[in-house]
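> this one's structure only:
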């Protein structure tokens with residue numbers, strides 16, 4: 001499963017909303033892996049993804065001259 005464009009507006013950040021937005025698709029789809037692309041400069045996002053269990057897998061570009069993103073991967077644990 002790949003996540004795209006997950007964002008919470010600044011006034012609503014640090015209230016668990018991003019974590020909930022992330023958790024619901026994982027519960028519904030139950031993938032073995034989740035991946036996402038994050039800008040290296042997005043420190044708040046990077047911190048959230050680390051707390052959620054994502055690991056850095058390497059740099060990623062959509063095109064040769066496009067911006068560089070961090071590719072992050074999460075191995076999803078099976079629900080009991």
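Right, received. Where do you want to start? Bear in mind that the values here come from a model prediction, so they are computed numbers and not experimental data.
> rest of the way, CA atoms for contacts and neighbours
Will do.
> what residue ranges in this structure score low on pLDDT?
79-80 (pLDDT under 70).
> switch the cut-off to 50
80 (pLDDT under 50).
> For it, just list every one of the helices.
Using DSSP state H, the helices of the chain run over residues 17-29, 43-52.
> Tell me which of the ones you listed lies nearest to residue 68.
Among these, helix 43-52 comes nearest to residue 68, with 14.4 Å by C-alpha to C-alpha.
> what residues does the closest one touch?
19, 38, 40 (C-alpha atoms under 8 Å, 6 or more residues apart in numbering).
> coming back round to it: including distance to residue 61, could the helices of the chain go into JSON lines?
Formatted as JSON lines, the helices of the chain follow (distance: least, C-alpha to C-alpha, whole Å):
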{"stretch": "helix 17-29", "distance to residue 61": "23"}
{"stretch": "helix 43-52", "distance to residue 61": "17"}
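> Those into CSV, with extra columns for mean neighbour count and distance to residue 68?
Shown next, in CSV, are the helices of the chain (neighbours: other C-alpha atoms under 10 Å; distance: least, C-alpha to C-alpha, whole Å):
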stretch, mean neighbour count, distance to residue 68
helix 17-29, 13, 23
helix 43-52, 14, 14
